[in-house]
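J.: For reference, the sequence and a predicted model appear below.
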Amino acid sequence: MDKQLFTYNGMKKLFSIISVLTIVQCFTIILQAIYLSKIITSMFQGTVWTAVLPYFFMFICFFASRHLLQWLKERLSYHFAEKTAF
């Protein structure tokens, strides 16, 4: 990363926003792993699949939010790049 990157107008704000979104994304990845492990462990122990559905829906929610955060970070970055390039 170039040191002059922070001299662009609005870069510090964007960097702060992307940092926060990355930290939130980190927590969603951890929660994904927790719920997926609960699903696999429960199924391995012979639990009925309907009892695992709440864990599955939580996993899907965290999976979707992780990808939504990634999309938002990319959108913010591309918008900044387009605005800065011209």
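T.: Arrived safely.
J.: now stretch 7-26, how far from the centre of its chain.
T.: On the basis of C-alpha atoms, centre = their mean, to the nearest Å, the separation between the geometric centre of stretch 7-26 and that of its chain is 14 Å.
J.: swap that for stretch 17-30, sorry
T.: Mean C-alpha position of stretch 17-30 versus that of the full chain (C-alpha atoms, centre = their mean) differs by 6 Å.
J.: show me where this structure has strands.
T.: Along the chain, no segments are classed as strands by DSSP state E.
J.: Longest helix in it, please.
T.: In terms of residue count, the longest helix belonging to the chain (DSSP state H) is helix 49-85.
J.: any idea which residue of this protein is furthest from its center?
T.: When distances to the mean C-alpha position of the chain are computed (C-alpha atoms, centre = their mean), the maximum falls on Gly46, with 31.3 Å.
J.: quick one: Phe86 and Phe44, what's the gap?
T.: Phe86 sits 56 Å away from Phe44, taking C-beta to C-beta, to the nearest Å as the criterion. Every residue, glycine included, has its C-beta placed from N, CA and C.
J.: Need the phi and psi values for Val48.
T.: Backbone dihedrals for Val48, given as degrees, to the nearest 10, come out at phi -60, psi 140.
J.: Tyr8 too?
T.: Here is the backbone geometry of Tyr8 (degrees, to the nearest 10): phi -70, psi 140.
J.: Now do the same contact list for it.
T.: Tyr8 makes contacts with Thr84, as judged by C-beta atoms under 8 Å, 6 or more residues apart in numbering.
J.: can you do 10 Å?
T.: Tyr8 sits next to Leu14, Phe80, Ala81, Lys83, Thr84 when contact means C-beta atoms under 10 Å, 6 or more residues apart in numbering.
J.: what do you get for Ser42?
T.: Contact partners of Ser42, counting by C-beta under 10 Å, 6+ apart, are Val48, Trp49, Ala51, Val52, Tyr55, Phe56.
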